[in-house]
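Asks: Build me a structure from this.
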Amino acid sequence: MKRNLSEVEERLLALLRENSRISIQEAAREIGTSRITVSRALESLSLNGKIINYTVTLSDDLRDMAIIHVNSMDGISQEDIVEYFSLIDGTYLLITYFEDLLKFTDLTIRDVKIARLRSPGMSPGRTVNIHCDYCGKIISDNPRKFSINKRTVYACCPTCEKGLKNHARNV
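Replies: Numbering: from 1, shown residues only. Okay, here's the model as predicted:
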């Protein structure tokens, strides 16, 4: 059963996607709530399996990758795979380091692509219950996110973004 996330949990996830090392205190300030609320939200996200892990990505981990399209994952060691995708047609896309490519000699390989650089996306990810800080509407697509007085705020459209900025100037 999919659990709906609270507004605080959604906003915390958006912050963690940008910087998984953000402190509880800083996250509370940016969300506009207490440290206890953020701490409880983080614990809930971890316990309910929404957050799977926290990881460090080294610059070397993003270079010289091979993308392999294979029919089956049989006989592939998990240590040789950086990431993989199970496709709708029952095949797989594997991402591995270029230097490990020769380890996949026993596979039926459909295609191989070599990438010089892997760049993690800057998408805020899927948002479900983040509300516009101006009109209160649930933001159904990528929110307009910016900072006002060291607090992260969200707007659903250019009009609401302008309204929030004007309000901040007048306060």
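
Asks: When you work out contacts or count neighbours from here on, use the C-alpha atoms and nothing else.
Replies: Fine.

Asks: Break the chain down into its domains, please.
Replies: 1-55, 59-117, 131-171 (automatic domain parsing).

Asks: Redo those as TSV? Include mean pLDDT and mean neighbour count.
Replies: Output for the domains of the chain, formatted as TSV (pLDDT from 0 to 100; neighbours: other Cα atoms under 10 Å):
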stretch	mean pLDDT	mean neighbour count
domain 1-55	86	15
domain 59-117	87	14
domain 131-171	86	15
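
Asks: roughly how far apart are N149 and A28?
Replies: Look at N149 and A28: by Cα to Cα, to the nearest Å, they are 13 Å apart.

Asks: Next: N48.
Replies: Taking Cα to Cα, one finds N48 at 21 Å from A28.

Asks: With F98 instead?
Replies: For F98 relative to A28 (Cα to Cα), the value is 41 Å.

Asks: likewise S34?
Replies: 5 Å.

Asks: next one: F146
Replies: From F146 over to A28 the distance is 16 Å, taken as Cα to Cα.

Asks: And for R17?
Replies: The value you get for R17 to A28, if Cα to Cα is used, is 15 Å.

Asks: same deal with T91?
Replies: Taking Cα to Cα, one finds T91 at 43 Å from A28.

Asks: Contact partners for Y92?
Replies: Y92 makes contact with H69, V70, N71, S72, M73, Y84, F85, S86, according to Cα atoms under 8 Å, 6 or more residues apart in numbering.

Asks: In helices, which of these appear?
Replies: Counting by DSSP state H, no part of these is found in helices.

Asks: Looking at those residues, spot the one nearest E10.
Replies: E10 has its nearest neighbour among the contacts of Y92 in F85, at 25.1 Å by Cα to Cα.

Asks: Tell me which stretches of this structure form helices.
Replies: Using DSSP H, helices in the chain cover 7-18, 24-31, 35-47, 158-170.

Asks: can you put these in CSV and add distance to T55?
Replies: Compiled in CSV, these are given as follows (distance: least, Cα to Cα, whole Å):
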stretch, distance to T55
helix 7-18, 11
helix 24-31, 17
helix 35-47, 14
helix 158-170, 33
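
Asks: where along the chain do the strands fall?
Replies: Shown for the chain, the strands assigned by DSSP state E span residues 63-70, 83-86, 92-97, 109-117, 144-148, 151-155.

Asks: With respect to E9, which of those strands lies nearest?
Replies: Of the strands of the chain, nearest to E9 by Cα to Cα is strand 151-155, at 13.9 Å.

Asks: Which other helices and strands does the closest one contact?
Replies: helix 24-31, strand 144-148, helix 158-170 (3 or more Cα pairs under 8 Å, 6 or more residues apart in numbering; DSSP states H and E).
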